[in-house]
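1. how would this look folded up:
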Amino acid sequence: MLRNMANSLLTHETIVTTLPKAKELRRVVEPLITLGKKPSLANRRLAFDRTRDRDVVVKLFDELGPRFAARNGGYVRVLKYGFRKGDNAPLALIELVDKAAEAAE
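-> Okay, here's the model as predicted:
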């Protein structure tokens, strides 16, 4: 489940999920982005081993790695998003930090 959520987050750069899942997803995605900052064959293979999606690995190393090169961590933002209608579960919006800066330009 976390692999699919990580792939969705890296592809779309923002997703809505429950708050506990978002907090756990942050622990999966941040090391992947750190791998993307150092483009080597070994890091690409590690990223592919964790994501199992070639398109996500390409985006991770070609777009996201250079975008976050100057940042030392904290690539993901988790915002509370209210409560789900059916079971009142707390929702969260999880997004990549520099996504908002690009949209503002």
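2. so Gln2 touches Glu24, yeah?
-> You called it Gln, but residue 2 is Leu. Yes - assessed by Cβ atoms under 8 Å, Leu2 is found in contact with Glu24 at 6.6 Å. The way it works is simple: take the backbone N, C-alpha and C, and place the C-beta from them, glycine included.
3. low-confidence ranges, the protein, go.
-> By pLDDT under 70, the low-scoring segments of the chain are 100-105.
4. 90 instead?
-> 98-105 (pLDDT under 90).
5. helix or strand: which one has the residue located most distally from the centre of it?
-> Seen from the C-alpha centroid of the chain, the residue lying at the greatest distance (Cα atoms, centre = their mean) is Gly86, 26.4 Å away. Using DSSP states H and E, Gly86 falls within no helix or strand.
6. distance of it from Pro20?
-> 16 Å (Cβ to Cβ, to the nearest Å).
7. same check, this time on Arg3
-> 17 Å.
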